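>>> with the sequence up front, the predicted model follows.
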Amino acid sequence: MAESTPARIGIVTVSDRASRGEYEDQGGPAIRSWLESALVSPWEPVARVIPDEREGVEETLADLVDSAGCCLVVTTGGTGPAPRDITPEATEAVCTKMLPGFGEQMRAVSLRHVPTAILSRQTAGIRGCALILNLPGKPSAIAECLDAVFPAIPYCVDLIGGPYLETDPVHVTAFRPAHARRPG
């Protein structure tokens, strides 16, 4: 990817009510705001608000990676135990590799704040040259989870062939091993 070409990052809110306009989407804007303060390399958001329908979630995730060229897709919502919470299943269906450590870390961090965090089923997986990450729906939990896992995300994106994402160390420091050099 050329230095001047911004990385594309999908932001997907999975919510029946928000998709119908009955509820203001707070999760998607929370993700965007967090990324705006964390990333210093050029990037552009590709946002979607969709209902809790497995087929639609799968199609949206695949489209954001395969057609829109996103290197990272971050979802919010649909990770609980309720019958319509299907985001993790849709993510697993479109990914070739799952990365359960992301979910484990997010639940560990969230459990410090609320005992019901154990009910959350956040996960992450790889599709092509993109990482798909499922977050909870509450804006404060979104920030806690991104703070916990984002240090590993730029290097993960490097390893799967995505663009070089740079972070603002005042907000979050991306970890890359000493042998991992900036391309170019």
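Noted; the coordinates are in hand.
>>> so who does residue 25 touch?
In this structure, residue 25 makes contact with 13, 15, 18, 49, judged by CB atoms under 8 Å, 6 or more residues apart in numbering. Bear in mind the C-beta positions are built from the backbone N, C-alpha and C, glycine included.
>>> inside strands: which ones of these?
Using DSSP state E, the subset of these located in strands is 13, 49.
>>> looking at the contacts of residue 25, which is nearest residue 101?
When the contacts of residue 25 are compared for distance to residue 101 (CB to CB), residue 13 wins out at 24.2 Å.
>>> quick one: pLDDT of the closest one?
On the pLDDT scale, residue 13 is placed at 97.
>>> same question, the one 4 residues further on
At residue 17, the predicted lDDT confidence score is 92.
>>> identify the residue nearest residue 70 in space, chain neighbours excluded?
residue 10 (4.1 Å; CB to CB, 6 or more residues apart in numbering).
>>> give me the element that neighbour is part of.
Here residue 10 is covered by strand 7-14, with elements defined by DSSP states H and E.
>>> with residue 62 instead?
Applying DSSP H and E, one finds residue 62 within helix 54-66.
>>> same thing with residue 33?
Secondary structure from DSSP H and E places residue 33 in helix 27-38.
>>> helices or strands up against that helix?
strand 7-14, strand 43-50, strand 72-76, helix 139-149 (3 or more CB pairs under 8 Å, 6 or more residues apart in numbering; DSSP states H and E).
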